[in-house]
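K.L.:
My questions are about this predicted structure, shown below with the sequence.
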Amino acid sequence: MSVLPPSAVLPQASRGIGFMILAVSLFGCMDALVKWLTAGYPVLQIMFFRSLCALIPILWMVARGTGGFAVLRTRRLGAHAMRSGFGLAAMFGFFSAYQFMPLADVTAIAFSGPIFIAGLSVWLLGERVGLHRWSAIVVGFIGMLVIVRPGPGMVQNGALLVVAATLLYALAMIQIRKLSTTEPSTAIAFYFTAFCTVATALALPFVWITPDWRDLPLLLGVGLFGGAAQLFMTRAYSLAPAAVVAPFDYTHLLWSVLFGWYLWSDFPDAQTWIGCAIVVASGLYILWRETMKRAPVPPLITE
């Protein structure tokens, strides 16, 4: 096994951070396009373009990777289907919520994903979670409640939809952990994207709206941005440890705030910022504790 010399570690980490920031910025662009398009097109149609166009960079990644297309051979199609089903439902929830909520609010609630994952891993993966991580999970949920503001308006403003989507996202990540014992990350990404493409294509005859020529590039951009972002995020995790690059995923909020303010004049209020700070702090603490125990499995995005 080759070991990088100390002089190469810092450049490797810097490149990993750079790829992570680039990936998150592209996801921010994709989210803004999705929110813009939901005003005129069904969510399932947007999801179809997201999945179909994302196959291009993912297939390129598979072709260039070790083993080429041979890595797509699998005996676990059922497990891939379960992971893809959770991911598809999560994507539908997040995209649908953009119709009702500001980008930054959706992103802030979605940051509670690692908290759900840590809690669910006890029952679904049999992992042991000590007092420190349980404390972080509880604090994280409190932060999420600060953002969500439980009450009768949760359904109308889409907050409950985002919470449900975040839970489904966590279930998808749990399934990825199970799959990653035998399946490469490129295969997991391919089967998820292919599954979503087929599933949303089956719904198209019932929801299709012929795109305006000005909107077609935007629909294509949703998938290309998402697929490229997934490619860059995978590259980031291959260059540096998760503990180094994962915290930069939280810069997603900055892009959400920027696009939301510029395009829709939305800006998070003080309560949202406070709740988000609590959620981010607890998520980073959970990441740190996981890194101390084992190398965490890098997430594959379900957006």
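P.N.:
Received, thanks. Numbers count the residues shown, from 1 in each chain.

K.L.:
pretty sure Leu263 is touching Ala32, no?
P.N.:
Yes: between Leu263 and Ala32 there is a contact under C-beta atoms under 8 Å: 6.4 Å. C-beta: built from backbone N, CA, C; applies to glycine.

K.L.:
more neighbours, these two?
P.N.:
Ala32 (23 against 12; other C-beta atoms under 10 Å).

K.L.:
How about the contacts made by the residue nearest to the more buried one when sequence neighbours are not counted?
P.N.:
Closest residue to Ala32 apart from its sequence neighbours, by C-beta to C-beta, 6 or more residues apart in numbering: Phe259 at 4.0 Å. Phe259 is in contact with 28-29, 31-32, 103, counting by C-beta atoms under 8 Å, 6 or more residues apart in numbering.

K.L.:
now Ala81
P.N.:
For Ala81, the contact set (C-beta under 8 Å, 6+ apart) comprises Phe195.

K.L.:
now with 10 Å?
P.N.:
With contacts defined as C-beta atoms under 10 Å, 6 or more residues apart in numbering, the neighbours of Ala81 are 175, 191-192, 195.

K.L.:
Just the buried positions in the helix or strand hosting it, please.
P.N.:
With elements taken from DSSP states H and E, the one containing Ala81 is helix 77-97. The neighbour-count check on helix 77-97 (16 or more other C-beta atoms under 10 Å) flags 79-80, 82-97 as buried.

K.L.:
Flag every buried residue along stretch 266-273.
P.N.:
266, 268, 272-273.

K.L.:
Same list, those residues, but as CSV with pLDDT and distance to Thr38 please.
P.N.:
Output for these, formatted as CSV (pLDDT from 0 to 100; distance: C-beta to C-beta, whole Å):
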residue, pLDDT, distance to Thr38
Asp266, 91, 14
Pro268, 89, 20
Thr272, 91, 21
Trp273, 93, 25
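
K.L.:
about what we covered before: for Phe195, see how far away the residue nearest to Ala32 is.
P.N.:
Using C-beta to C-beta, to the nearest Å, Phe259 is found at 29 Å from Phe195.

K.L.:
before we move on, back to that, how about the buried residues of stretch 266-273 in CSV, adding secondary structure and distance to Asp212?
P.N.:
What follows is the buried residues of stretch 266-273, written out as CSV (DSSP: H, G, I helix; E, B strand; the rest coil; distance: C-beta to C-beta, whole Å):
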residue, secondary structure, distance to Asp212
Asp266, coil, 24
Pro268, coil, 31
Thr272, helix, 33
Trp273, helix, 37
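
K.L.:
For Pro247, state which of those is nearest.
P.N.:
Closest approach between the buried residues of stretch 266-273 and Pro247, by C-beta to C-beta: Trp273, at 17.8 Å.

K.L.:
got any ranges where this protein has weak pLDDT?
P.N.:
For the chain, applying pLDDT under 70 flags the ranges 1-10, 151-156, 291-303.
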